[in-house]
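Participant: Prediction below, plus the sequence it came from.
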Amino acid sequence: MASPITAQRGTRDVLPPETALWQLIEDRARHFFDSYHFQEIRTPIFEATELFTRGVGEATDIVSKEMYTFTDRGDRQITLRPEGTAGVVRAFLQGKLGNNQPLPVKLWYGGAMFRYERPQAGRQRQFHQIGVEALGTADPKLDAEVITLAIDLFDALGVKGLEVQLNSLGCAECRPRYRETLVAYFETRKADYCETCLTRMDSNPLRVLDCKVPACQEINAQAPSLQDVLCEACREHQGAVMGYLDSVGIRYALNPRLVRGLDYYTRTVFEIVATEKLGSQNTVCAGGRYDGLVEELGGPATPAVGWAFGVERLAILLSDQVIEPGVDLYLVAMGEAAEKAAFKLAHGLRQSGKKVELSYAKRKLDKQFAQAEKLKATHIGIIGEDEAAKGQVRIKNLASREESVTAASAEGVATAMER
RNA sequence: GUGGGUGUAGCCAAGUGGUUAAGGCGCCGGAUUGUGGUUCCGGUAUUCGCGGGUUCGAUUCCCGUCAUCCACCCCA
């Protein structure tokens, strides 16, 4: 026998009944996107590599060592999308969405993302995100709105133990200033930092702040905080965001160490982290404002804000929720004429929206009952030789154990099942 | 990419350098012919992730490899 082919490292099959959980997540998400008036956008899974090097940032880990990049047969540099925002912004510009409808343009998307990482629970090479992007306004109301949307969704799904962490990364005005003071501080303590920190001081100094090495954390505790040097406009913006969140009772923790790994963020950044169940991969949802990205990708200056959550991680948080499959009617037939009658009856009932399962095996009746129980059927229908000859079916409610004989028609059976 | 743990059926698992690899759940079939998740009986791993080595002999020891999990890293 040939050896079986298995799923590639870092990819996995989502099997039933877990798929039912994914559907639940998707359904609830759609519901809230609709009420918050976000419209769906679907963009390609692969894009020009340059979209991500320019959008996400050359120096980021995602771009520098995690992308699935290849040259296609037409000599194009192609990358499987590692995140969703860059593609949405590209489509926003290409489709001229900013020109033909009122701003902000509020979009949501969902789908597979690809990053070449070492797999772990809650971290796959192909993983799935659902996210929102709102483009065209700098109004802090929108920062608060997208966070509120996320919390509403997670609440509705019954996710417990989440914490919102908030920070501001400043803007083109104050961030460079902060960078300078920060680097100046690092210089004074250079001898005490770990090696990754030392390289990051040049490439991406803000990232030094969320180093996990205890020694580095100690030094960072005394580092100047961005909160202290935010410009007036950024300070006001952050205050407004917090005010809106307060007004709807959303609790959050200000975390001045919160730095995102993508270059495009400005001002508001946030993460929604799970306090239990996820171990170190505990960020469920993350996002922020990216006022410079649209311009960076060749469009007009367009402020924007968005987030994405990881479907796999959310599914882990919800994994104790059991979604019972179950059918309305399990239909058993005995004899050739009965098989045909059952097949036809099932067809009629299914057309009218009943969930009907047929018996595909010739078992004894007591086994058929056991089978109906296993399928979580609410009713069982029996067509034997007698019933088939009379064009009838015996319907039994498996909970009440009440039984009746009725005409083998969709209407007749539907009525009998009401009882 | 770094360090560590694990790998016996669909799932949970016992086990040993040597005749036919426990058990449980699940699944399939049966217990004198059409009514319930119980009970009883039977079946369900040509082989212990894969490859190589040591050995008369390896599921068991060694090496490699793959997968998975944990921490780092990174992030959703």
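Facilitator: Yep, it's here. Residues are numbered from 1 along each chain as shown, chains lettered A, B, ... in the order given.
Participant: tell me the SS of the residue in chain A positioned nearest to RNA strand B?
Facilitator: Chain A approaches RNA strand B most closely through residue A:261 (1.5 Å), counting by C-beta to the nearest atom of the strand. In short, each C-beta sits where N, CA and C put it, glycine included. Following DSSP: H, G, I helix; E, B strand; the rest coil, residue A:261 is assigned to coil.
Participant: Look up how far residue A:273 lies from the closest residue to it other than its chain neighbours.
Facilitator: Closest residue in space to residue A:261, ignoring its immediate chain neighbours: residue A:60 at 5.7 Å, by C-beta to C-beta, 6 or more residues apart in numbering. From residue A:60 across to residue A:273, the span is 20 Å (C-beta to C-beta, to the nearest Å).
Participant: hey, C-alpha coordinates of stretch A:129-138 in CSV?
Facilitator: Written as CSV, here are the backbone C-alpha positions of stretch A:129-138 (Å, rounded to 0.1, in the frame of the first residue of the first chain):
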residue,chain,number,x,y,z
GLN,A,129,-8.3,35.7,10.6
ILE,A,130,-11.5,37.7,10.5
GLY,A,131,-11.0,41.4,10.6
VAL,A,132,-12.4,44.9,10.1
GLU,A,133,-10.9,48.0,8.5
ALA,A,134,-12.5,51.4,8.6
LEU,A,135,-10.9,53.9,6.2
GLY,A,136,-11.3,57.6,5.8
THR,A,137,-11.6,59.2,9.2
ALA,A,138,-9.4,60.2,12.0
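Participant: Count the residues that sit near the residue of chain A closest to RNA strand B.
Facilitator: Residue A:261 is flanked by 15 other residues according to other C-beta atoms under 10 Å.
Participant: ditto for residue A:99
Facilitator: Neighbourhood size, residue A:99 [other C-beta under 10 Å]: 9.
Participant: Where do the helices of the stretch 151-300 of chain A begin and end?
Facilitator: Taking DSSP state H, counting those that start in this stretch as the criterion, the stretch 151-300 of chain A contains helices spanning A:174-188, A:195-203, A:214-221, A:226-229, A:232-247, A:293-296.
Participant: Quick check: mean pLDDT of the last one?
Facilitator: Helix A:293-296 carries an average pLDDT of 95.
Participant: and what of the fourth one?
Facilitator: Confidence for helix A:226-229, expressed as mean pLDDT, is 84.
Participant: contacts for stretch A:349-369?
Facilitator: Here stretch A:349-369 makes contact (C-beta atoms under 8 Å, 6 or more residues apart in numbering) with A:326-334, A:342-343, A:346, A:371, A:375, A:377, A:380, A:382, A:410, A:413-414, A:417.
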